[in-house]
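[1] Okay, here's the prediction I keep looking at, along with the sequence it came from:
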Amino acid sequence: MAHRDLPGLRRAKTSDHAVIVECIARWWTDSRSPERARELSRLLPRLFLQFFSQTSLVLEDDTGIRAFLVGLYAADDDREAYIHFVGVDPELRGRGFARHLYGRFLREAAEAGRREVRAITSPGNSGSIAFHCAMGFEFEGGDRVVNGVPVHSDYDGPGEDRVCFRRAIAPAG
């Protein structure tokens, strides 16, 4: 079931959830404490793979899952798609795997008739902000600016500020 463009790339399955949560808890310890990395994994409840597995991607090899993208198509607006969570094993970072996963998702969203993709990140995640800008995403205006970046205060609840992105995608064909 590998995609022709990257061996080992496949659709996510609900059964991937436990492994992906473990990957998040392990992979993000390079930038946060183990407790904060486990906390981050709570942003990916099982329902995302239960209901959006066909729009989510997993890259695996003989050692297991090495990268993933959890994305979905908006139910309330058939023009929009959303990238919820992306992870790449630290051993593979800097090799273009996240770029490839995003590219694949963008192409498939366009083929499904979507015209815009959205994503969010934390204001302190400068690597993610730079990545989204490099991938052609634009900032959505916020209610304040931090380090030149528009921020939406309390976006995900009190103290949970976010940077919001959007990217137009061309129709497939």
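    Now that the structure is in, tell me what you want to look at.
[2] okay, CA-based contacts and neighbour counts for the rest of this
    OK.
[3] Quick check, pLDDT for residue 18.
    pLDDT for residue 18: 96.
[4] Point out the other elements, helices or strands, that the strand or helix carrying it touches.
    Following DSSP states H and E, one finds residue 18 within helix 17-27. With contacts taken as 3 or more C-alpha pairs under 8 Å, 6 or more residues apart in numbering; DSSP states H and E, helix 17-27 sits against helix 34-41, strand 64-73, strand 80-88.
[5] Could I get these in CSV, plus columns for mean pLDDT?
    Compiled in CSV, these are given as follows (pLDDT from 0 to 100):
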stretch, mean pLDDT
helix 34-41, 81
strand 64-73, 97
strand 80-88, 97
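[6] now the angle between helix 17-27 and the lowest-mean-pLDDT helix or strand in the chain, please.
    Averaged element by element with mean pLDDT, DSSP states H and E, the chain has its least confident helix or strand at helix 34-41 (a mean of 81). Interaxial angle of helix 34-41 relative to helix 17-27 (axes from the mean of the first three to the mean of the last three C-alpha atoms, to 10 degrees): 140 degrees.
[7] ok, back up a step: for the helices and strands packed on helix 17-27, give me TSV that also has mean neighbour count and distance to residue 126.
    Listed next are the helices and strands packed on helix 17-27 as TSV, based on neighbours: other C-alpha atoms under 10 Å; distance: least, C-alpha to C-alpha, whole Å:
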stretch	mean neighbour count	distance to residue 126
helix 34-41	15	17
strand 64-73	22	19
strand 80-88	21	15
